[in-house]
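Chemist: Sequence and predicted structure are below.
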Amino acid sequence: MNAVTLRAWRDSAFRLLAAALFIATFALTTMVLLNAELAQRFAVRTAEFLGGDLQLSGSQPPLSQQTDALAGARHTLVVDFSTVVVHTDRLLLVSARAVDNDYPLYGVLQVANDRFAPAAARQRGPAPGELWVGDQVLDQLGIAVGARLTVGNKELTVAGVIRQLPDQGGGFYSMNPRILLHRDDLAATGVLGPGTRVLYRLLVGAPARAITAIHSGITSTLRPDQRLEQVADAAVRSMGPLRQLTLWANLGVLLISLLCGATIYLATVQRVRRRTRLAGLLRAFGAQRKQLVSRLLGADIAALLPVTAMGIALGVGTITLLQSALTAGDLDGNQTLAASTGDWMAVIFSPLLLWLAFSFPQLIALTRIPAMHVLQQRVGQRTMAATLALLGALSAPVVLAALLTRSLADLGQLLLVLAGLGTLLPALLWPLLKGFDLASQRLALPTRLAVRRLSRRPALTLPLMATLTLAMAVLALAGQTGHQLLTSWRAQLPTEAPNYFILNLFDRDRETLRRWMAEHGAQPQELYPVMRGRLTEINQVPVREAITKESNSEPEALNRDLILTQAARLPNGNRVQDGQWHTEDGSPITTGVSVEQELAQKLGLKLGDNLQFVSNRGAFHSTVTSVREVDWETFAPNFYFIFSPGSLANQDITWLTSFWLPPGDGARLAQLLRQLPHITLLDINALLDKAQGIVGQASRAVFLLATLLMLAALLVLATALLGGRDRRARDYALARTLGARQQLLQRTTWTEFLILGGGSAMCALVAVQVALYPLSERLFAGEPAWSMWQLLPLIAALLVVWCGVVGSRAALDRPSASLLREQGD
Amino acid sequence: MNQSPLLDVRDLGKQVSGPDGPLTLLEAVNFTLLPRESVAITGPSGSGKSTLLGLLAGLDVPTSGEVLLGGASFSALAEDARAVRRGELCGFVFQSFHLVDDLNVLENVLLPLELNHIPDPLNRARQWLGRVGLDHRLKHFPATLSGGEQQRVALARAFAVTPKLLFADEPTGSLDHGNGARIIELLFELNREAGTALILVTHDAQLATRCQRHLCLEQGRLYESALESAQL
């Protein structure tokens, strides 16, 4: 760093400007990278769900020309079929999958070495000669790992216990136990004969552009039995609460950019004011504009580059840490950041854009000042050009927000909120301030003087109060929302959230299960009577025909047997969106079926539609009586179709339930399986942990941004204090000259910032309460909660007071005699 | 008549440290000021007029000598004690008016009354503003007043506390000739009515003649001027 660069740092206005740019860069970098990370994570989750970015499925193997069209893209062929495995004299119907060495394309297989051993991630399927089986296979055949099972004509060794396949999907479509074998063994088993129900799935993993090309290449070659699906078609779930968090975070970054922009602008005003005389003198001495630009701007740019680099580095570091935390334990944990070239460009150019918008026009105007204006002291008057430049500068955060959201709808939402806050807050605060001014006449002298300082400068006080109020409210909301998200997960996890699911439970098993749960302190959840069935007709039209009229993609729900249930009570996490639930206060209201709303939308179902389902007892009909919104993130059993009580009376019913089991010995589960060997037991702890981890990290990221927003607001305060320092010092010196004690001035300062900080905190507390109501409605099913996080504005208010008092210290120390020296000799 | 002096300046000196060692701004300044007496202090730029005024008013502390105000030590007091004593006994008129921008005319005059806990401040402020002819501009802010009007507010502020001693630092320095003359007339008129002692720092030798005594400051030393002062 040379002397010229260091000189810039000696200016307090430059230090504030640099701090603002640092915070903005850090926040923008973090948010751009976080957005990219979340987008990729969810795209990968969807791809995992599907098994690849593109899936070609059919009852026959893909044609060679179709395989050729993949043009070298990563791919794997998966063969799904039902078969029977044999151990000694026992048979078991299983859902089998034959895979090659390239499976899975995305995600990992969670496989355990023993029935109750913890699962470990594997990147490949079983080797030839090996067989991986689901827990239920071991339980139902009474075997352990190492046993030999016969599949068709071939005997294979059980080498692993399947806990989770990346592409098994979120629902419980197939209730048969799973087995996984190598595709090389498939021919030797001889199980795939004519008439076997088999599904060949060619899975392809490639970038979006290549997928589009492959998709169009294959489309023309499709056989009647084949279907082609892409990630976009299979995105069945929204990001849920994480999407809300991302929106909040984007709003946070937009506000941070605006506030940092304000600091940069105000600090530049100070800097320009201090350097105007120098610029004029240099002009008078014959300096060319080029020399002025180099002298006045060069040093700033050189001094700001390391600041920007540090902001970016800290942002990258934060996201890398976040990513490591999210991928900890994943073998496929891709450690490179998900940001695209476009994202990196946004990271690098956003700070530059901010500086260019808020600082550059003023600095460049400085180089254009005619020497005469300085000598005649005609500088410092606001010109139309300067006003236009400020208005132009205000569009910079909008451009940044557009870069962040990349969605016009989201951007519009953000700007609307911002514009509303920008006009509403000062409009609400002004009468408060004015009222306080009037009421202060009867208060003590320090309060009177402090209130006058604030109320007589509304152009400064109102934006400052609005800024602080907003920052404090966002800080409290981010803390509260994150806390509520985490605690609502956590509150469910230890006591309520089921960590095991049981399927294939018969009526006669319920008492055994109840006793087992009581013995081991397991917390039972609702029991659902379930049956397997397929939706076959909508209003007497075969379902395939019915939906191809509406849509060109088939919902996943149609490809397999669905679990159908009946219920009198609307399950938790469900909300009737349209129509009427089956019962009200326990009394039957309607007879029919309630459909999940996303599926209803995809199938074009509406109230009154007649649906035909086929079960192993034959076909039966039902009428759509309600459409339900389902919170898929609850990890409670969720159903696409829920029939009214009694509808499944003549069907082969089993029971499905979930329960929470305290952590402990796996032998407890072994005991249950010995007592009820036919049940299917699913462990969802790992899935819950991961989901909780993501929500926790995202909440922390949002809270970090809110903290940055508060810092940005404090920077605005500091810059405003710096701008008003001379005036404050002069006022204090005058007051001392007129007889004021130092203690009175100190009290006035404290009171002024207590009113500013405290008033903002009070307004923020009100805003938080107002905002929490709809937020709770939207995110937490209408449960407004109170937590200490809501008191954050009070802590922030103390920070404001501290900043204000420290920032005013220099003014308090200015000697009174300076009033004479300003003009005298 | 044997009056005790209101202001007694004894061997006053002020040194500051400069790049080349200590720099003497004032040296061995001695003079007294009687109640109701007016003194003009003149001197060329850099002679130390503002430094002397600062020391006399207790805005700064001397490096040698002392200032007694109302018979009691003033310059030796702590800053807060000086401020209180100044508030009780002194008024100030500055060249640059030094009104508080955020306060309206009435509040500017109220300020020293409030600071010094003077009873019935509102009526007193109104009365003095009426006396300087600004009772119709009570709610106006300084930025909306002319220079002459601002200095009239400053005069009202200075006299409202009924000071024993008024310090006027180049009171016409920021005004045009006409406004300056009117302000000086008003200042001397109010000074006479209130019976206040006056220390007037000015460049204007003509103005200095309106005071009873004229002191001249040159290179940090104070001399009684040979010029004849008017007897008011």
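Modeler: Noted; the coordinates are in hand.
Chemist: For chain A, what's the nearest residue on chain B?
Modeler: Per Cβ to the nearest Cβ, B:G87 is where chain B lies closest to chain A, at 1.7 Å. Where you see a C-beta, it was placed from the backbone N, CA and C, and this is true even at glycine.
Chemist: nearest residue to residue 156 other than its sequence neighbours?
Modeler: Looking at chain A here, since you left the chain open. With sequence-adjacent residues excluded and distances taken as Cβ to Cβ, 6 or more residues apart in numbering or on different chains, A:L156 is closest to A:L131, at 3.9 Å.
Chemist: meant chain B, my bad for not saying
Modeler: Spatial nearest neighbour of B:A156, excluding adjacent residues (Cβ to Cβ, 6+ apart): B:W128 at 4.1 Å.
Chemist: Need phi/psi at the one you found.
Modeler: phi -70, psi -30 (degrees, to the nearest 10).
Chemist: What about it, how many residues nearby?
Modeler: 23 (other Cβ atoms under 10 Å in any protein chain shown).
Chemist: ok, now A:A279?
Modeler: 24.
Chemist: And for A:N572?
Modeler: For A:N572, the neighbour count with other Cβ under 10 Å is 13.
Chemist: isn't the residue of chain B closest to chain A right up against A:G739?
Modeler: Yes. Using Cβ atoms under 8 Å, B:G87 makes contact with A:G739 at a distance of 1.7 Å.
Chemist: now whichever strand or helix holds A:L513, how far from the chain's geometric center?
Modeler: Here A:L513 sits within helix A:510-520, counting by DSSP states H and E. Distance of helix A:510-520 from its chain centroid, counting by Cα atoms, centre = their mean, to the nearest Å, is 39 Å.
Chemist: Strand partners (parallel or antiparallel) of the helix or strand that that helix is followed by?
Modeler: Where DSSP H and E defines the elements, the next helix or strand beyond helix A:510-520 is strand A:523-538. According to DSSP bridges, strand A:523-538 has the following sheet partners: strand A:541-542 (antiparallel), strand A:562-566 (antiparallel), strand A:610-615 (antiparallel), strand A:654-660 (antiparallel).
Chemist: before we move on, the earlier item: now for the helix holding A:L513, which elements pack on it?
Modeler: Helices and strands touching helix A:510-520, by 3 or more Cβ pairs under 8 Å, 6 or more residues apart in numbering or on different chains; DSSP states H and E, are strand A:523-538, strand A:654-660, helix A:667-675.
Chemist: one step back: could you tell me which residues touch both of B:G87 and A:G739?
Modeler: Contact criterion Cβ atoms under 8 Å, 6 or more residues apart in numbering or on different chains; residues shared by B:G87 and A:G739: B:P112, B:L115, B:N116, B:V161.
Chemist: Report the two of those residues separated the most.
Modeler: In those, two members sit farther apart than any others by Cβ to Cβ. They are B:L115 and B:V161, at 8.9 Å.
Chemist: can you tell me how far B:A78 sits from A:G160?
Modeler: Distance of B:A78 to A:G160, given as Cβ to Cβ, to the nearest Å: 86 Å.
Chemist: next SSE after the strand or helix carrying A:T707?
Modeler: Assigned by DSSP H and E, A:T707 falls within helix A:685-723. The first helix or strand that comes after helix A:685-723 along the chain, using DSSP H and E, is helix A:725-737.
Chemist: do that next one and chain B meet?
Modeler: Yes. Contact of helix A:725-737 with chain B (Cβ under 8 Å from any Cβ of the partner chain) involves A:R727, A:R730, A:D731, A:L734, A:A735, A:R736, A:T737.
Chemist: Need the CA coordinates for that helix. CSV is fine.
Modeler: What follows is helix A:725-737, C-alpha atoms only, in CSV (Å, rounded to 0.1, in the frame of the first residue of the first chain):
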residue,chain,number,x,y,z
ARG,A,725,-20.3,16.7,13.4
ASP,A,726,-19.3,20.3,12.7
ARG,A,727,-22.7,21.7,13.3
ARG,A,728,-23.2,19.7,16.5
ALA,A,729,-19.7,20.9,17.7
ARG,A,730,-20.6,24.5,17.0
ASP,A,731,-24.0,24.1,18.8
TYR,A,732,-22.4,22.6,21.8
ALA,A,733,-19.6,25.2,21.9
LEU,A,734,-22.3,27.9,21.7
ALA,A,735,-24.3,26.3,24.5
ARG,A,736,-21.2,26.2,26.7
THR,A,737,-20.5,29.9,25.9
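Chemist: Show me what that helix is packed against.
Modeler: So helix A:725-737, by 3+ Cβ pairs under 8 Å, 6+ apart, packs with helix A:742-779, helix A:792-813, helix A:818-821, helix B:79-89.
Chemist: Highest neighbour count among the residues of helix A:725-737 next to chain B?
Modeler: A:R736 (28 neighbours).
Chemist: Look up the closest residue to that one, ignoring the ones flanking it.
Modeler: In space, A:R736 is closest to A:S816, 4.6 Å off (Cβ to Cβ, 6+ apart).
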